[in-house]
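can you look at this prediction? I've put the sequence above it.
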Amino acid sequence: MPRYYTYEVELSDYDGSWEGSGRRESRSDLERDADDVARAILEVWVMDHPDDVDGGVRMQVYGDDPEDYPADGLTNVRVFVYEGTLEAHDDAPSAAAYLVNHPGDD
């Protein structure tokens with residue numbers, strides 16, 4: 001059975017304000033959870049925007065707890081994934097993927 005996700009990719013200049021091109025819908029016929037979808041969307045974004053990626057960043061994927069997300073000053077690219085269609089999705093993200101700019105810190 002297909003699963004629907006809504007996602008958004010946002011960029012920041014490390015100043016705390018985020019901008020994106022709006023939310024889009026993704027359909028998965030595979031058994032992929034929101035974490036897998038967030039990771040895949042960010043991987044595709046990185047491949048499509050190699051000149052927009054700072055050196056020394058790494059990809060990190062988080063679940064649905066915003067308390068776990070990195071501080072805005074440590075990242076300039078993030079993906080939020082919401083369960084459901086574009087017209088009817090959850091209010092809070094089910095997963096988030098970030099490009100984090102502190103490679104020595106786990």
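That came through fine. Residues are numbered from 1 along each chain as shown.

shaky segments in this structure?
For the chain, the stretches flagged by pLDDT under 70 are 55, 102-106.

how about the helices in it?
Along the chain, counting by DSSP state H, helices occupy 34-48.

which residues does Val100 form beta bridges with?
Arg58, Thr75 (DSSP bridges).

run through the residues that contact it.
Val57, Arg58, Met59, Gln60, Pro70, Leu74, Thr75 (Cβ atoms under 8 Å, 6 or more residues apart in numbering). For the C-beta atoms, the positions are set from N, CA and C on the backbone; glycine is no exception.

so which of those wins on neighbours?
For the contacts of Val100, counting by other Cβ atoms under 10 Å, the largest number of neighbours falls to Thr75: 21 neighbours.

can you give me the distance of that one to Asp15?
Thr75 sits 12 Å away from Asp15, going by Cβ to Cβ, to the nearest Å.

list just the nearest of the contacts of Val100 to Arg3.
Met59 (21.9 Å; Cβ to Cβ).

present the contacts of Val100 as JSON lines; the columns should include distance to Thr85.
Shown next, in JSON lines, are the contacts of Val100 (distance: Cβ to Cβ, whole Å):
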{"residue": "Val57", "distance to Thr85": "31"}
{"residue": "Arg58", "distance to Thr85": "31"}
{"residue": "Met59", "distance to Thr85": "26"}
{"residue": "Gln60", "distance to Thr85": "27"}
{"residue": "Pro70", "distance to Thr85": "28"}
{"residue": "Leu74", "distance to Thr85": "32"}
{"residue": "Thr75", "distance to Thr85": "27"}
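
quick check: the two most widely separated of these?
Met59 and Leu74 (13.0 Å).

list the buried residues of stretch 71-79.
Buried residues in stretch 71-79, counting neighbours by 16 or more other Cβ atoms under 10 Å, are found at Leu74, Thr75, Asn76, Val77, Arg78, Val79.
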